[in-house]
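Participant: compute the structure for the input listed below.
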Amino acid sequence: MKSAHLAASLVLAFSGISLAEIAPGYVLIPAQGGFGGGSKTSTLVDSKGTVLKTYNVAGYNAYLLPNGNILGQTGTGSAAAMGFASLVEQAPGSATAVNTWAAASGGAFHHAHWVMPNGHWLGTYTVKINPKTALASAGYTGNLSSIWDERIQEWDPVAKKVVWEWKASDHTLGTNHPRKFNNNNFKSNDPLHINSVVYDSARDLIAMSSHYLNEVLVIDHSTTTAEAATSKGGRYGKGGDLLFRWGSSKNYGGPGSAYSDVVHGGGVIQAGLPGAGNFCLFGNSDNTVKQSRWYEVKGQESDTGWVIGSNGEFAAELVFDFHNGAYQSTGHYGYGQRLANGNTLLTFSGSQKIVEVDSKKTVLNVLSGNTIRAYHYAADHPAIVSLGLGTAGVRGATLPGAPGIRSTDGRISATGLAEGTIVRVVDARGEIRFQAVASSDRLAIPTASWAAGTYVLQFAGEHGRSSSTIALTR
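Facilitator: Predicted structure coming up:
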């Protein structure tokens, strides 16, 4: 009976019917610390809220590294003028930094960072500039004497250097343009206020959210730093110009007013998850329902970026949202994350609640936590394995209706294949690392020479497509 029940469950999951189950795994609850007062101890908890690990790092956001350490922040909300004093890596329960990254002279870290599959750290950084001179050639005619120029930097924590950079100031115009920022709409010295950054490893993109523009913004990471300063180059040929934006098309002359006031937690749903490739953002106060609201949108992607409709607005469809008057955020915070079983984990900072909802918007679980953004980790995530809480191997359980996946002796074995199935593995930069056509029901993919990191395993056959994100650990 157990096997029959499992088979039925897999059929339901593959058909898109919610099984209304809590996603297995663990939740990291970074303490707000100086950003919201209270405890400075971040915790890793199970689905019941039981504390399993503690970290002496607080701040705006934090993530687990593959070795089980935390990458968090030091300082308070006023530290380094705009954000926090430094990034710090610490082991569970330790107050001693294993590694730190301090803000360079002349600038300041802002509100967000992300751990990339290659081990680099991606984050926001601000530098004060004079728009009257710095943006004069871009048509600025305003009266502001200084603004914070938002920048996205990729940091190599081993070599201790910036290896890639994008600057918002390189992509402004004095008039409306969908792929640029209208610099004459800048009304304060903090016109964008980027408060979230998420890396899309399958497409080598970066999605970020803007507090004051009330938008999710998407740029190409496949460019060089030189290309990122222009409108040419990269996978989509747009350089560092905006590939997609959503939330308030009036910012670039479109017909749409802002969906929400004070957007936060913008990002992209990762490869291998339900809704992969869709963009998302958290609005602190929706302008229609007057509640904190999570949005997931699907744009129309092309080889040269995302499609702009005849009305001058990026074409996009709202495919999922969630709001509930029982859970509210504050005026500045909030976050969301899609989970492997299709559920969504939402952080409502004002209510100090972390809420898991299914695809039918049913609340399945509620955890308490005074945090700006919580983050879920599956039991087979390398960090969880390193902490002794999970199981080693290839991340990415067998997909319903898809081939089986397992790791043995430096290779990935895919079983249950239909003859003629195209099997492809894409690395974090979007490069194809392996591709073959199955001639039998099983295929071995050699991985001994591959670096540790995240890869996307894709299957395409006569009866459909599926994919899974895998994390190779060494």
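Participant: look at the nearest residue to Asn184 once chain neighbours are set aside and report its pLDDT.
Facilitator: Computed as Cβ to Cβ, 6 or more residues apart in numbering, the closest residue to Asn184 that is not its neighbour in sequence is Gly174, at 5.1 Å. Placement of C-beta: from N, CA and C, glycine included. pLDDT for Gly174: 97.
Participant: and Ile219, by the same measure?
Facilitator: At Ile219, pLDDT is 98.
Participant: that one pairs with what?
Facilitator: Ile206 (DSSP bridges).
Participant: ok, it touching Gly239?
Facilitator: No. Look at Ile219 against Gly239 with Cβ atoms under 8 Å: they stay out of range, at 9.2 Å.
Participant: tell me the helices in the stretch 201-350 of the chain, going along the chain?
Facilitator: 225-228 (DSSP state H, counting those that start in this stretch).
Participant: any stretches of the protein with poor pLDDT?
Facilitator: 1-20, 33-38, 75-85, 390-404, 406-409, 427-431, 453-454, 462-469, 471, 473-474 (pLDDT under 70).
Participant: centroid residue for it?
Facilitator: Against the mean C-alpha coordinate of the chain, by Cα atoms, centre = their mean, the closest residue is Val198 at 2.9 Å.
Participant: which neighbours do Ile219 and Gly239 have in common?
Facilitator: Ala228 (Cβ atoms under 8 Å, 6 or more residues apart in numbering).
Participant: neighbour-wise, which of these two wins?
Facilitator: Neighbours per residue (other Cβ atoms under 10 Å) separate Ile219 from Gly239, with Ile219 holding more: 25 against 22.
Participant: distance-wise, check the more buried one relative to Lys232.
Facilitator: Going from Ile219 to Lys232 by Cβ to Cβ, to the nearest Å gives 14 Å.
Participant: who's the residue lying closest to Gly247 once chain neighbours are set aside bridged to?
Facilitator: Using Cβ to Cβ, 6+ apart and skipping the chain neighbours, the partner closest in space to Gly247 is Glu215 (3.7 Å). Applying DSSP bridges to Glu215 yields these beta-bridge partners: Ser210.
Participant: check Arg424 too.
Facilitator: Gln435, Gln458.
Participant: Gly234 and Glu227 touch, don't they?
Facilitator: Yes. Counting by Cβ under 8 Å, Gly234 touches Glu227, with 5.7 Å between them.
Participant: and the closest residue to the residue nearest to the centre of the chain other than its chain neighbours, what does it touch?
Facilitator: The spatially closest residue to Val198, leaving aside those adjacent along the chain, is Gly267, at 3.3 Å (Cβ to Cβ, 6+ apart). Gly267 is in contact with 196-198, 207-209, 216, 279-281, 336, counting by Cβ under 8 Å, 6+ apart.
Participant: Ile29: which of the residues you listed is nearest?
Facilitator: Gly336 (14.9 Å; Cβ to Cβ).
Participant: wait, that closest one sits on Trp294?
Facilitator: Yes. Applying Cβ under 8 Å as the test, Gly336 and Trp294 come out as touching, 4.6 Å apart.
Participant: which neighbours do the two have in common?
Facilitator: 280, 282, 344, 346.
Participant: would you map out the domains in the chain?
Facilitator: Per automatic domain parsing, the structural domains of the chain span 16-386, 404-472.
Participant: quick one, phi/psi of Ser169?
Facilitator: Main-chain torsions, Ser169, degrees, to the nearest 10: phi -60, psi -20.
Participant: now do the SS call for the residue nearest to it when sequence neighbours are not counted.
Facilitator: Distances taken as Cβ to Cβ, 6+ apart place Asp149 nearest to Ser169, at 4.5 Å, with adjacent residues excluded. Assigned state for Asp149: strand (three-state reduction, DSSP: H, G, I helix; E, B strand; the rest coil).
Participant: count of neighbours near Asp149?
Facilitator: With other Cβ under 10 Å as criterion, Asp149 counts 21.
Participant: pretty sure it is touching Glu165, no?
Facilitator: No. Counting by Cβ under 8 Å, Asp149 stays clear of Glu165, with 11.2 Å between them.
Participant: quick one, phi psi at the residue lying closest to Gly410 once chain neighbours are set aside?
Facilitator: Distance criterion Cβ to Cβ, 6+ apart; nearest residue to Gly410, sequence neighbours excluded, is Ala448 at 3.3 Å. Dihedral pair for Ala448: phi -60, psi -30, per degrees, to the nearest 10.
Participant: pull up the gap between Ala448 and Glu165, please.
Facilitator: 34 Å.
Participant: what about these two, which has more around it?
Facilitator: Set Ala448 next to Glu165 and count neighbours by other Cβ under 10 Å: Glu165 wins out with 17 against 7.
Participant: so the more buried one, which of the three states?
Facilitator: Glu165 ends up strand, using three-state DSSP.
Participant: who are the contact partners of Ile194?
Facilitator: Taking Cβ under 8 Å, 6+ apart, one finds 110-112, 124, 150, 152, 208-211, 217 in contact with Ile194.
Participant: roughly how far does it sit from Ser329?
Facilitator: Taken as Cβ to Cβ, the span from Ile194 to Ser329 is 18 Å.
Participant: how close does the closest residue in space to Asp220 that isn't next to it in sequence get to Cys280?
Facilitator: Distances taken as Cβ to Cβ, 6+ apart put Gly234 closest to Asp220, at 4.1 Å, once the chain neighbours are dropped. Between Gly234 and Cys280 the distance is 23 Å, computed by Cβ to Cβ.
Participant: of these two, who's got more company?
Facilitator: Using other Cβ under 10 Å as the criterion, Gly234 and Cys280 rank with Cys280 on top: 27 against 22.
Participant: who touches that one in this structure?
Facilitator: With Cβ under 8 Å, 6+ apart, Cys280 has these contacts: 216, 265-269, 294-297, 336, 338.
Participant: repeat that for Glu89.
Facilitator: So Glu89 contacts 65, 69-71, 97-100, 157 (Cβ under 8 Å, 6+ apart).
Participant: for Ala378, state which of the residues you listed is nearest.
Facilitator: Leu65 (15.5 Å).
Participant: what's the closest non-adjacent residue to that closest one?
Facilitator: According to Cβ to Cβ, 6+ apart, the nearest residue to Leu65 is Leu71 (5.6 Å).
Participant: which residues does that neighbour bridge with?
Facilitator: Tyr63, Glu89.
Participant: burial of it, as a residue count?
Facilitator: By other Cβ under 10 Å, the burial measure for Leu71, its neighbour count, is 24.
Participant: hang on, isn't it packed against Ala97?
Facilitator: No. In this structure Leu71 lies outside contact range of Ala97 using Cβ under 8 Å: 10.8 Å.
Participant: shared neighbours of the two, which are they?
Facilitator: 88-89.
Participant: tell me the phi and psi of the residue nearest to Asp220?
Facilitator: phi 90, psi 170.
Participant: and it, how far from Leu243?
Facilitator: 9 Å.
Participant: between the two, what contacts are shared?
Facilitator: Contacts common to Gly234 and Leu243, judged by Cβ under 8 Å, 6+ apart, are Asp220.
Participant: show me where the stretch 51-200 of the chain has helices.
Facilitator: Using DSSP H, counting those that start in this stretch, helices in the stretch 51-200 of the chain cover 131-134.
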